[in-house]
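Enquirer: Dropping the sequence and predicted coords here.
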Amino acid sequence: MRPHQTSIDVDDSFARPHDIQKHSKWPLFLRLQGSILPKLIVPVTFIALWATGITWVHKEGPSISLGTTNVLLTVIGFVVGLGLSFRSSTAYERYAEGRRYWSQLTVTCHKLARTIWIHGKERSDSVREDVLSKLTAINLLVTFAVSLKHQLRFEPYGNFKDLKDLVEHLDTFAQQVSNDDLNHFKNKGILKRIGEGLGLSFAYSNPRKAMKRTKGPLGSLPLEILCYLSAYLDSLCENGQLPIAMQQNIAYNSVASLNDVLIGCERVLRTPLPIAYAIAIHQITWLYLMLLPFQLVDGLDWATIPATAAASGIILSILYIGGEIENPFGTDVNDLPLETYCAQIVRDLEIMTSRPKPVWDETSKSRRNKVLFPHSNLSYEDWATLSEGALRHTLRNRPFCTFCPGPTCMDSSTHQGNPTVDEG
């Protein structure tokens, strides 16, 4: 997570995934962070200049009328509406699917870490070694999430700041080809950053540039990490530290689920909208906007210019939003906040491993365990003094106390803290 900032950072507003933990009191229509507005400046300006030229020729030109019937506006507008609807729905479907896979990743990390930490037995003669081995395996879950994030952003190396210390003890292809010089592709000049902020296509670099500069096979770092996890599970089973078959099934199925997440995310990344659809939708939309002034100039005169600019802003915003969320794993402001998801996994696993496996008898027999709360504030020890018949009788009467005023209605028959419920 990035530290709290009191100054305005342009990159935070337009070039980084939105921080879902921040709260803004600004109305949505006044917010810039996450807005598509910067990318509309150039195309809307171009359309406005085009409309200005058409209107001037129509009004000031020698006996030239450029106005046309509105039938064309209706026909093409219907087609444009269908195209934009298709574009938006397919793009959001990919965005939502990417989020589902990262939710599945979080759940699977919780499940596998809990199985390893709670159900993996620690041998009496090597408790310290077994605890450290468990932590090493659980750290591999964090490594998997971070490496998957980088791979989905075409950064399949092991020398990134948040990944280097996690994988340097592993023998992987990414480690063998990693080079500190490979990170320079992320440094962008001011003109390039401005061009990307304005949505100019020629300003964008090839996202696979770093992959093409490698001098050896890159492999698949997340997949290689799964191999290490599988090897650890084999070790647990061979040493009798995971003896119950159902626990073994949960562990191995969790590794298979992580593999499904990897393949699913790569499918979302590598299966964009067919290029024929994308080109056709853009061409039809721009044709509609270029013809729009001809159909408005007769009725609106000089008002054609602001009307055309407003219409183009509305239409192009829908078109560009679809393009921005089509790949939900990037670093644009509207992409999924993968850094936040990885940080959440780290926090969850740290909480899970902060204490040893709970001893259930100590937990249940604690004096602070109010087993019939909110109906009674008596502890486990107090209720343990009752016979089984009295306890069953109390439980049978408990539903009648649901609407009792006050949380201790079942304590009314007690004297000096000892239950005196009728055993009949």
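Expert: Okay, I see it.
Enquirer: so R398, which of the three states?
Expert: The assignment at R398 comes out as helix when based on DSSP: H, G, I helix; E, B strand; the rest coil.
Enquirer: Can you tell me, leaving aside adjacent residues, what's nearest to it?
Expert: H375 (5.7 Å; Cβ to Cβ, 6 or more residues apart in numbering). All C-beta atoms are positioned from the backbone trio N, CA, C, and that covers glycine.
Enquirer: ok so that neighbour is a strand residue?
Expert: No - H375 is assigned coil when assessed by three-state DSSP, not a strand.
Enquirer: My guess is it contacts F400. True?
Expert: No - using Cβ atoms under 8 Å, H375 makes no contact with F400, being 9.8 Å away.
Enquirer: neighbour-wise, which of the two wins?
Expert: Using other Cβ atoms under 10 Å as the criterion, H375 and F400 rank with H375 on top: 22 against 11.
Enquirer: From T385, how far off is that one?
Expert: 18 Å (Cβ to Cβ, to the nearest Å).
Enquirer: repeat for T106
Expert: 44 Å.
Enquirer: of those two, who's got more company?
Expert: Neighbour comparison, T106 and T385: the larger count goes to T106, with 16 against 11 (by other Cβ under 10 Å).
Enquirer: got a list of what that one touches?
Expert: Taking Cβ atoms under 8 Å, 6 or more residues apart in numbering, we find T106 in contact with 341, 344-345, 348.
Enquirer: what about P358, which helix or strand?
Expert: P358 belongs to no helix or strand when assigned by DSSP states H and E.
Enquirer: Counting neighbours, what do you get for it?
Expert: Here the number of neighbours of P358 (other Cβ under 10 Å) works out to 9.
Enquirer: Relative to A278, how far out is it?
Expert: The spacing between P358 and A278, counted by Cβ to Cβ, is 54 Å.
Enquirer: for the lengthiest helix in the chain, the distance to its chain's centre please.
Expert: Ordering each helix of the chain by length in residues (DSSP state H) puts helix 71-114 first. Relative to the centre of its chain, helix 71-114 is centred 13 Å away, using Cα atoms, centre = their mean, to the nearest Å.
Enquirer: which element follows it toward the C-terminus?
Expert: Defined by DSSP H and E, the subsequent element after helix 71-114 is helix 127-152.
Enquirer: Pull the distance from that next one to the chain's centre.
Expert: The chain centroid and the centroid of helix 127-152 are separated by 20 Å under Cα atoms, centre = their mean.
Enquirer: Give me the below-cutoff pLDDT ranges for the stretch 101-250 of the chain.
Expert: Scanning the stretch 101-250 of the chain for pLDDT under 70 picks out 177-189, 192, 196-197, 199-200, 202-214, 216.
Enquirer: at 80 what do you get?
Expert: Confidence mapping of the stretch 101-250 of the chain against pLDDT under 80 gives the ranges 156-159, 174-218.
Enquirer: Give me the contacts around stretch 356-372.
Expert: So stretch 356-372 is contacted by 117-118, 376-381, 383-384, 394, 398, 410 (Cβ under 8 Å, 6+ apart).
Enquirer: list the buried ones in that stretch?
Expert: 370, 372 (16 or more other Cβ atoms under 10 Å).
Enquirer: Distance across it, terminal residue to terminal residue?
Expert: End-to-end distance for stretch 356-372, by Cα to Cα, to the nearest Å: 27 Å.
Enquirer: what distance separates it from the centre of its chain?
Expert: The answer for stretch 356-372 is 36 Å, by Cα atoms, centre = their mean.
Enquirer: likewise stretch 106-118?
Expert: So, by Cα atoms, centre = their mean, the centroid of stretch 106-118 is 19 Å from its chain's centroid.
Enquirer: Enumerate the positions of it that are buried.
Expert: For stretch 106-118, by 16+ other Cβ under 10 Å, it's 106, 108-110, 112-117.
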